[in-house]
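In: Okay, here's the prediction I keep looking at, along with the sequence it came from:
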Amino acid sequence: MRVGVEVGGTFTDLVAVEGGRVVVTKVPSTPRSPDIGAFAALAASGIDLARIEDLGHGSTVATNAVLERKGAAVAFVATAGFRDLLFMQRHDRRNIYDLFYAKPAPPVRRKDCFEVSERLRADGSVEMPLDEAKVRAELVPALQAGGYRAVAICLLNAYADPTHEKRLAALIVEALPGVLVTCSHQVAREFREFERASTTLLSAYVQPVIDGYLHRFENKLADAGFKGRFTVMQSNGGRLPAEAMRESAITALYSGPAAGVVGATRQAARSGFKDLITFDMGGTSTDVCLVQDGRPSLASESEIDGLPIRTPVLDIVSVGAGGGSIAWVDDGGMLRVGPQSAGADPGPACYGRGGAEPTITDAHVMTGTIRPAAFLGGRMTLDAEAARKVFGPVAERFSLGVEQAAAAALQLADANIVRAIQLVSTERGRDPRDYALVPFGGAGPLHAARIAEELGIATIVVPPNAGVISAYGLVASDYTKFDAVTRKMKLDETAAREASKSFADMRARLATQFADMKLPGELLYTHTLDMRFVGQAFEVGVEIPADRLASLDAAYLAELFADAHHRTFMHGATLDRPVEIVTLRVGATLPIGMAPKLDRETVAAHESERTRIFHGEAWVDCARYTAEALTSGQQIVGPAVIEGHTATTWVPAGWTAILDAADNLILRRAS
């Protein structure tokens, strides 16, 4: 049995797969203690934990620790002269016309930043040895007096040679055995001092939080008789055993959204769709990602709360447009939606838990696309009058009917999502019309058709049990780990040979790490070079085909770089300037084999019913179906509403829906 438990902002989802049997559970999240919601889902599923072989978990614990500034008391140690690195940051302004603009604040005070006497040059040679006597005499007493739970070490040019960082870490651990120490070469062995320092600090900041959370989770599992493997989702779309995650906590920041992309990609592939735009609309946000040829786009850097993180993440764009997103009126009198959310507590007004502001879920109740008696398959009844009450002031403000005000809020949410999809497609040289839209999350399939019409997309793939696809992704994902190292080399034959040798060393290092994690099996590798013209400020990722690794030469690498540069910038295909290699990256993946099939729960077929939906500016008569009662090959002509246990799908006029053999609901727009 494989089980995935994903903690979202509003609901905690569980998917259990055993042979041909699928168990799906949704329970309210408990934001203050996410593990409580996770174990509530396990309890509600009725599963015997002793029978679980593989338990995958994804949560927002690390994300919340940063956003809410609830991480550990952390100290930052840098090379002498670089104490203020985290505060000086880059010489840029996000909002150039904001007279009160302030740079993002790191989660550390200046008085908690320290210096050590040492210096490496960019090539790794030693300019000044580490002054160990001064470390013992000055730094160690200061750290002892500070009462820190974690220490982040980021020494100048340590990516080139980590010897000084390793020795400094050993001295600190020897003097403060209970303190968790994180070094930059462990989490981001790359150049650019501020980005590397920020990544190291954030990793140290959340490490004690993740460590404590996983310990509590594992203890509860052990008490319940669990003896299987407990794994945690990473931001890069792969899992790692919980023990390994304690050493790379920073990779868990976006585990929930990443799991959803993996689950959607695996399920859509069963119907032959590999070029996708995934679209996860949950309770608090919407996350979109572009998938090319079955592979989600990967970015080498992201940011959280304005602070950069230099670690591989799925290239996901998030906007504040979820089921719990609040509709509000700004100072200029314009209606807005999000990013504020009602979350799980109190939640939308229709939940009847004290919510007093209009949300997207309330809007769907008002327009009829969510039937109060059928929410979560009838396991939760919504309060339609409460939804009407909170939308009353909005309707009055704009002299609209309540249903019109609700429809306006839905249109604004759609516009926010369309913009997010354009960011991952149009603005990166991809035409969204060439892709199938894969909506999931509790609200995704309700918005998908309108969003597809805006973008000119003709095909939508709605997975079965669309509301729990992120949890499914936890049992369908592989084990993955990445390694990167900066080695600046002007491109010539010597550099090509050095790159080939470095790739081999990195593969060996990753293989050792998988062996240490007790994950046997044949690893699959990806190899990428970050390259640029000499004098450029930023690099272009160039993926190296596996069959050419043994015979790399400068001319071939230059050709690959020219193609990649032209795809990105639409110029520079002629190599009339010198080129350099900057950073080498290797990804190692241990496949889980065939992903478990996510079947829907079937019930006896019955005739469709008639209902009314407020669409556009008027009420529309349409058919209503139960998703679990559909039969393979059955065609539905819009307008229609298809209600499922975890999500509802809206099929407007001009669209048809067919359930295929993989249990995916395929929506196509009439040409």
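Out: Perfect, thanks for sending it.
In: Domain boundaries for the protein, per the record?
Out: Following automatic domain parsing, the chain resolves into domains at 72-206, 479-590, 599-669.
In: what's the closest of those domains to Leu214?
Out: Proximity to Leu214 (CB to CB) singles out domain 72-206 among those, at 11.7 Å. Every residue, glycine included, has its C-beta placed from N, CA and C.
In: And the closest one, end to end?
Out: Distance between the boundary residues of domain 72-206 (CA to CA, to the nearest Å) amounts to 7 Å.
In: avg pLDDT for that domain?
Out: Within the predicted structure, the mean pLDDT of domain 72-206 is 94.
In: How about stretch 14-30?
Out: pLDDT averaged over stretch 14-30 equals 86, rounded to a whole number.
In: What is the lowest-mean-pLDDT helix or strand in the chain packed up against?
Out: Evaluated with mean pLDDT, DSSP states H and E, the helix-and-strand set of the chain has its lowest mean pLDDT in helix 61-67, which scores a mean of 82. In this structure, helix 61-67 packs against helix 193-223, strand 302-304, with contacts taken as 3 or more CB pairs under 8 Å, 6 or more residues apart in numbering; DSSP states H and E.
In: Note down every partner strand of the shortest one and its orientation.
Out: Looking back up the chat, that one is strand 302-304. According to DSSP bridges, strand 302-304 has the following sheet partners: strand 307-309 (antiparallel).
In: returning to that earlier point: centre of the chain to the least confident helix or strand of the chain, how far?
Out: Per CA atoms, centre = their mean, to the nearest Å, the displacement of helix 61-67 from the mean C-alpha position of its chain is 13 Å.
In: List the buried residues in that helix.
Out: Of the residues in helix 61-67, Val61, Ala62, Thr63, Asn64, Ala65, Val66 count as buried by neighbour count, 16 or more other CB atoms under 10 Å.
In: Quick check: closest non-adjacent residue to the fourth one.
Out: Here the nearest residue to Asn64 in space, its sequence neighbours aside, is Lys70; by CB to CB, 6 or more residues apart in numbering that works out to 7.0 Å.
In: swap in Ala252?
Out: Ala62 (4.7 Å).
In: Kindly report the same for Val534.
Out: Across the structure, with CB to CB, 6+ apart as the measure, the residue nearest Val534 apart from its sequence neighbours is Pro578 (4.5 Å).
In: ok, now how distant is that neighbour from Ala122?
Out: Pro578 sits 18 Å away from Ala122 when distances are taken as CB to CB, to the nearest Å.
In: What of Ala558?
Out: When distance is defined by CB to CB, Ala558 is 24 Å away from Ala122.
In: cool, and Ala204?
Out: When CB to CB is applied, the distance between Ala204 and Ala122 equals 24 Å.
In: how about stretch 74-84 as CSV, C-alpha atoms only?
Out: Extracted as CSV, the C-alpha positions of stretch 74-84 are listed here (Å, rounded to 0.1, in the frame of the first residue of the first chain):
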residue,chain,number,x,y,z
VAL,A,74,19.8,31.6,13.9
ALA,A,75,23.3,33.1,13.7
PHE,A,76,25.0,34.0,10.4
VAL,A,77,28.8,33.6,10.0
ALA,A,78,30.6,35.2,7.0
THR,A,79,34.2,36.1,6.0
ALA,A,80,35.5,39.3,7.6
GLY,A,81,34.2,42.3,5.7
PHE,A,82,31.0,40.5,4.6
ARG,A,83,28.9,40.7,7.7
ASP,A,84,26.3,43.0,6.1
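In: Which residues does it contact?
Out: Applying CB atoms under 8 Å, 6 or more residues apart in numbering, the external contacts of stretch 74-84 come out as 85-86, 107-108, 110, 112-119, 139, 143, 146, 148-156, 168, 193, 197, 201, 204-205.
In: And the nearest residue to Ala595 once chain neighbours are set aside, its phi and psi?
Out: Leaving aside its sequence neighbours, Ala595 sits nearest to Ala476 (CB to CB, 6+ apart; 3.9 Å). With angles defined as degrees, to the nearest 10, Ala476 sits at phi -100, psi 0.
In: was I right about Ala476 contacting Gly263?
Out: Yes - taking contacts as CB atoms under 8 Å, Ala476 lies within contact range of Gly263: 5.5 Å.
In: And stretch 65-82, end to end?
Out: Criterion CA to CA; first-to-last residue distance in stretch 65-82 is 26 Å.
In: Sorry, wrong one. I was asking about stretch 281-292.
Out: 21 Å.
In: tell me the mean pLDDT over that stretch?
Out: When the per-residue pLDDT values of stretch 281-292 are averaged, the result is 88.
In: Same question for stretch 390-408.
Out: Average pLDDT, stretch 390-408: 94.
In: what sits against His164?
Out: Contact analysis of His164 by CB under 8 Å, 6+ apart lists Glu118, Leu120, Leu130, Leu155, Ala158.
In: ranking these by neighbours, who comes first?
Out: Within those, Leu155 tops the neighbour count with 28 neighbours, counted by other CB atoms under 10 Å.
In: What pLDDT is listed against Gly324?
Out: We have a pLDDT of 87 for Gly324.
In: Verify the contact between it and Pro28 for me.
Out: No - checked against CB under 8 Å, the pair Gly324 and Pro28 is beyond contact range at 11.6 Å.
In: Ala16 looks like it's in a helix, true?
Out: No - looking at Ala16 with DSSP: H, G, I helix; E, B strand; the rest coil, it is strand, so not inside a helix.
In: now that we're looking at it, which residues does it contact?
Out: Contacts here follow CB under 8 Å, 6+ apart; on that basis Ala16 touches Met1, Arg2, Val3, Gly4, Val22, Val23, Ser45, Ile47, Ile52.
In: Which residues are in contact with the spatially closest residue to the second one that is not a sequence neighbour?
Out: In space, not counting the residues next to it along the chain, Arg2 is nearest to Val475; the distance is 4.0 Å by CB to CB, 6+ apart. Val475 sits next to Arg2, Val3, Gly4, Val15, Val17, Asp54, Gly56, Ala595, Pro596 when contact means CB under 8 Å, 6+ apart.
In: tally of neighbours for the residue nearest to Asn64?
Out: One way to gauge burial is a neighbour count; for Lys70, by other CB under 10 Å, it gives 13.
In: cool, and Pro358?
Out: Using other CB under 10 Å as the criterion, Pro358 is surrounded by 31 other residues.
In: OK, contacts around it?
Out: When the contact criterion is CB under 8 Å, 6+ apart, the partners of Pro358 are Ile326, Ala327, Ala349, Ala387, Val390, Phe391, Val394, Ala405, Ala406, Ala409.
In: for Ala405, same thing?
Out: Under the criterion of CB under 8 Å, 6+ apart, the contact list for Ala405 reads Ala327, Pro358, Phe391, Val394, Ala395, Phe398.
In: That one belongs to a helix, doesn't it?
Out: Yes - per three-state DSSP, Ala405 lies within a helix segment.
In: so the closest residue to it other than its chain neighbours, which of the three states?
Out: In space, and not counting its chain neighbours, Ala405 is closest to Ala395: 3.9 Å by CB to CB, 6+ apart. Three states are possible here, and by three-state DSSP the one that applies to Ala395 is helix.
In: give me the number of residues near Ala395?
Out: Using other CB under 10 Å, the number of residues around Ala395 comes to 19.
In: And for Pro393?
Out: Number of residues near Pro393 (other CB under 10 Å) recorded here: 13.
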